[in-house]
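Got a sequence here, can you model it:
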Amino acid sequence: MMMTIILIFREIFVFANLRVNLNKKVMYYFPFKKTGFAMFLCLIVLFAGDASEGKVLSSKKAKITPQARLASYPTATVGTNFLGLEDLGPHSYKPNISEKNGIVYTCKAGHIDIAHVRKLIDWTAFLTSKTYDNLIKNKAAFTFTTAKPSVYHASITYPPYWKVLSKQQKEKVARDISIRVAQYLAYTSSIWHEILTWFGYKSLKVYSDFPSAFSWEDTYSNVFGSHIAVMALRDSEHEFDKAVSLALARELEALGIQPSSVARHAAEQVRGQWFTGDLFFVTINRRNFDIGLNDGSITPSIVPSLAECKGAQAIKHPVPNLDFLSEYGFSIRVEIKPKEWEKDKILKIVFPKGGTNRIDPSIHFAPIMDYIKKEAVTKYGYDAVE
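Reported below is the predicted structural model:
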């Protein structure tokens, strides 16, 4: 630790001397006094010190879009695969038959869709590599798409000090920023997916995804997956897939994961209330529209009066945001340009008089969710969690 501190102050000393030789134009861009800026730089290095130690995706994997996984209804119906901790199998970024997906039940977070979890894990990892690459190359903006046609635009504003950091310092800062930005991007894309499906988007082109839009386990499963990804990306001892498997098992145990039989029983307990029907005619009546807009966290849907979880308290999960960027002097603006058939319905909610065709999640998700929640209650009479 002492050596680390010495190295940090050596970097600060070198940088302070470098500033003396900067021309007046460059000096103008630094709104810090010498001492204040030195302290700021010190904090940056300290904050990012451990982040660079984790294992990212290999360069080969980072070029591969995350695999698609088939999600499940959290219902005790034909086709739903209920799992326990011992049934999960090892996580795999690339397709692998050893990996198992389905629905688990946890006492503190209710049902969790493991396919959703794994998708968010891999997308967070993929977007970490993409964000990191753009930061290191000083790119002002980048775009990406997921399994949907929508295009995500990320515009980056760099702090003045970025130009004079050493390569090693840039890598440390970029590493930490990229993980947390990617977590936000992956989570945001998952919410956009739920919004699109509410308005009738068809992943399979012929069958609407509306029945599963914002089903009671979706949003928690998504944010939980992004959380596991961050843990795995900061694991310095194991390669990514192994780190994911370990973190996933550990966090599910902390939430009180139950055997597969209990997961099925919990679903049976809410038959007729949270869902009706079977096979291809399942109707989800319990929808969880909590995406963290009110208190920055998601409240899970817990099956009431489940004997196996007596006394357990639900654990809210914080949602990722970009507020942390101010600690580094960065800012990133994220916009979504929808290209799906359903885009006009959604754009009309936030732009009733027309105009731009881009969605800013930080501004527009709130009115879109208000519209959806009202429609859920008045049109469908759903048991909705807000």
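
could you pull out the helices for this protein?
Ranges of helices in the chain, per DSSP state H, are 2-20, 24-28, 34-48, 114-136, 167-198, 218-233, 240-254, 260-269, 343-350, 361-375.

Can you say which of these is packed in most?
helix 218-233 (a mean of 26; mean count of other Cβ atoms under 10 Å). Quick note: C-beta positions are derived from backbone N, CA and C, even for glycine.

what angle separates that one from helix 114-136?
Relative orientation of helix 218-233 and helix 114-136, computed by axes from the mean of the first three to the mean of the last three Cα atoms, to 10 degrees: 50 degrees.

So which elements touch helix 218-233?
Helix 218-233 sits against strand 110-113, helix 114-136, helix 167-198, helix 240-254, strand 286-288, strand 297-298, strand 317-318, with contacts defined as 3 or more Cβ pairs under 8 Å, 6 or more residues apart in numbering; DSSP states H and E.

can you redo those as JSON lines with distance to His364 and mean pLDDT?
Output for these, formatted as JSON lines (distance: least, Cβ to Cβ, whole Å; pLDDT from 0 to 100):
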{"stretch": "strand 110-113", "distance to His364": "26", "mean pLDDT": "98"}
{"stretch": "helix 114-136", "distance to His364": "21", "mean pLDDT": "97"}
{"stretch": "helix 167-198", "distance to His364": "10", "mean pLDDT": "97"}
{"stretch": "helix 240-254", "distance to His364": "31", "mean pLDDT": "98"}
{"stretch": "strand 286-288", "distance to His364": "20", "mean pLDDT": "95"}
{"stretch": "strand 297-298", "distance to His364": "19", "mean pLDDT": "98"}
{"stretch": "strand 317-318", "distance to His364": "21", "mean pLDDT": "98"}
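
and Cys309, which of these is closest to it?
Comparing the helices and strands packed on helix 218-233 by their distance to Cys309 (Cβ to Cβ), the top pick is strand 110-113, with 9.3 Å.

So for the closest residue in space to Val270 that isn't next to it in sequence, what's the pLDDT?
Nearest non-adjacent residue to Val270, counting by Cβ to Cβ, 6 or more residues apart in numbering: Val303, 5.8 Å away. On the pLDDT scale, Val303 is placed at 97.

Now do the same contact list for Val303.
By Cβ atoms under 8 Å, 6 or more residues apart in numbering, Val303 lies in contact with 105, 110-111, 266-267, 269-270, 309.

which one of the residues you listed is nearest Pro74?
His111 (4.0 Å).

what's around Ile103, how many residues?
Neighbourhood size, Ile103 [other Cβ atoms under 10 Å]: 27.

Verify the stated contact: it with Ile114.
Yes. Assessed by Cβ atoms under 8 Å, Ile103 is found in contact with Ile114 at 7.2 Å.

Need the residues touching each of these two.
By Cβ under 8 Å, 6+ apart, the residues touching both Ile103 and Ile114 are Leu83.

mind listing what the closest residue to Thr131 other than its chain neighbours touches?
Leaving out its chain neighbours, the residue that sits closest to Thr131 by Cβ to Cβ, 6+ apart is Ser178, at 4.0 Å. Counting by Cβ under 8 Å, 6+ apart, Ser178 touches 128-129, 131-132, 135.

Just name the shakiest helix or strand of the protein by mean pLDDT.
In the chain, no helix or strand scores lower on mean pLDDT, DSSP states H and E than helix 24-28, which sits at a mean of 33.

Tell me where the model's unsure across the chain.
Counting by pLDDT under 70, the ranges of the chain that qualify are 1-55, 385-386.

Tell me how it divides into domains.
Split into domains by automatic domain parsing, the chain comes to 1-48, 56-385.

which one of the contacts of Val303 sits closest to Leu293?
Using Cβ to Cβ, the contacts of Val303 come closest to Leu293 at Gly110, 19.9 Å.

I'd assumed Ile315 was in contact with the closest one.
No. Between Gly110 and Ile315 there is no contact, the gap being 10.1 Å when judged by Cβ under 8 Å.

My guess is Ala267 contacts Thr80. True?
Yes. Shown here, Ala267 and Thr80 form a contact pair, counting by Cβ under 8 Å, at 7.4 Å.

which neighbours do these two share?
74, 103.

Spatially nearest residue to Ile121 (excluding sequence neighbours)?
Nearest to Ile121 is Ala229, by Cβ to Cβ, 6+ apart, at 4.4 Å.

Could you check how many residues crowd around Phe351?
Neighbour count for Phe351, taken as other Cβ under 10 Å: 14.

Over to the one 5 residues further on?
Here the count is done by other Cβ under 10 Å, and Thr356 has 11 residues near it.

and what of Lys100?
Around Lys100 there are 14 other residues, counting by other Cβ under 10 Å.

Distance of it relative to Pro90?
Here Lys100 is placed at a distance of 9 Å from Pro90 (Cβ to Cβ, to the nearest Å).

ditto for Val173
32 Å.

thought Phe275 was touching Thr75?
Yes. Under the criterion of Cβ under 8 Å, Phe275 makes contact with Thr75 at 4.6 Å.
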